[in-house]
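S.K.: how would this look folded up:
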Amino acid sequence: MGTDNSYLAVFLGSKSSPQRVAWDALSEGDRRAKEREGMAAWKAWVDKHQAVIVAMGGPVGKTKKVSQRGTEDTSNNVGAFMVVRADSHEAAAKLFEKHPHFTMFPGESVEIMPVLPIPGG
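M.R.: Numbering: from 1, shown residues only. Here you go, the predicted structure:
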């Protein structure tokens, strides 16, 4: 990876964003209906872009941070990840415009970064 126009897409969303607060305020029935609709849209997005998905990735759970101080529980805004292939950074970003992560779910954004070759590799 890195020499083949691969891009890491990181799906971000805060537990305290206005979108998430509104989502959490929905009744369970309404939230489940929106989840079903959102998952159908997400699946349709994946089906449409299957040819450029290098690694499906997926949702991520609780976070552990490892540093010189040892291992500790922490949290961040990363909700999921995926690796795609595109001809340019702009083309990779364009894949995620109007993505269900933030148009149907309470996610805030998708950040896309090139996967670079390992220096000296």
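S.K.: point to the residue nearest the middle of this structure.
M.R.: The central residue of the chain, meaning the one whose C-alpha is nearest the mean C-alpha position (CA atoms, centre = their mean), is Phe11 at 2.4 Å.
S.K.: contacting residues around that one?
M.R.: Counting by CB atoms under 8 Å, 6 or more residues apart in numbering, Phe11 touches 78-82, 101, 107, 109-110. Every C-beta, even on glycine, is put in place using the N, C-alpha and C of the backbone.
S.K.: in this protein, which spans are helices?
M.R.: Residue ranges of the helices in the chain, as given by DSSP state H, are 18-25, 28-49, 89-95, 100-103.
S.K.: can I get those in TSV with distance to Lys62, mean neighbour count and mean pLDDT?
M.R.: Formatted as TSV, the entries for these read as follows, by distance: least, CB to CB, whole Å; neighbours: other CB atoms under 10 Å; pLDDT from 0 to 100:
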stretch	distance to Lys62	mean neighbour count	mean pLDDT
helix 18-25	17	12	95
helix 28-49	20	12	97
helix 89-95	28	15	98
helix 100-103	20	18	96
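S.K.: cool, thanks, signing off.
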